[in-house]
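Undergrad: Would you be able to build a 3D model of this:
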Amino acid sequence: MIKPKNYEKKGRKAQGSRAALSKIKSSIANLRSGDGIVRQKARETLTLIGKQTVDYLIPLLKDPEDDVRWEAAKALADIVDVRAASELVATLEDSNFGVRWLAAEGLIAIGRDVLPPLMEALTKHSDLAWLREGAHHVLHDLANRDPEVKDFVAPVITALEGSEPEIGVMELAHTALDKLEGQGRA
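TA: Numbers count the residues shown, from 1 in each chain. Okay, here's the model as predicted:
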C-alpha cells in the first residue's frame, strides 16, 4: 500500500494537537493549586499557548475560588481575544477587586471590539456600582487611545462621573450602542 506524501505530517500534527490539549488541561488543573508558583507557571504556559486556551479559561472566570478567577482573568488579559469580551464584561461585577481590575485591563487590551458588550451591560445593569466603576476605567482608557471611540463614549463617561450615574448611564449607553450598531451596518 502506498501512503500519501503528507501522511506522516498529518500524523505528527494530530500528535502535536493531542500534546497541546494535554498541556492545556494540565495547566488548567494547575490553576487550582494552593501553590502560587505552580499557578503562575500554569498561567504563563496557557498564555504562551495563546488563543487555543481561551475556551478553557472563560468558565474559570466564574470559579468559586478567588485565585482561580484571578489567574484566568490575568491569562485572558494577556492573551487578548475578542471571544472573551462578554465574559470579561460580566467579570467587572466580580466581588474581588483584583479580578475586576484584570477584567478591565483585558477589555482595554482587546480594544474597541468590547464596546458593544460593555454598552449592552450598562443598558441592563447601570445600577451595579462595580460594573460602572470598571466600565469607566475601560471607556476612559479606550477614549484616550482612539479619538473615534471618544466620540461615541464621551457622554457615557460624563454620566459615569456624574452624581447619579445609575440613572443617566442607561440611556446614554443605549444611544452609544445604537450608534455602534449603525456604524457596523454602514
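Undergrad: how about the helices in this protein?
TA: In the chain, the segments counted as helices under DSSP state H are 7-30, 36-49, 54-57, 66-79, 85-91, 97-110, 115-125, 129-145, 147-160, 165-185.
Undergrad: Make CSV out of these and add mean pLDDT and mean neighbour count.
TA: Any C-beta I mention is one placed from the backbone N, CA and C, and that applies to glycine too. Formatted as CSV, the helices of the chain follow (pLDDT from 0 to 100; neighbours: other Cβ atoms under 10 Å):
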stretch, mean pLDDT, mean neighbour count
helix 7-30, 74, 13
helix 36-49, 97, 16
helix 54-57, 98, 18
helix 66-79, 98, 23
helix 85-91, 98, 22
helix 97-110, 98, 22
helix 115-125, 96, 21
helix 129-145, 97, 19
helix 147-160, 92, 18
helix 165-185, 82, 16
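Undergrad: May I see the domains of this protein written out as residue ranges?
TA: 13-85, 111-186 (automatic domain parsing).
Undergrad: can you list the ones you listed in TSV and add distance to S95?
TA: Putting the domains of the chain into TSV (distance: least, Cβ to Cβ, whole Å) gives the following:
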stretch	distance to S95
domain 13-85	8
domain 111-186	8
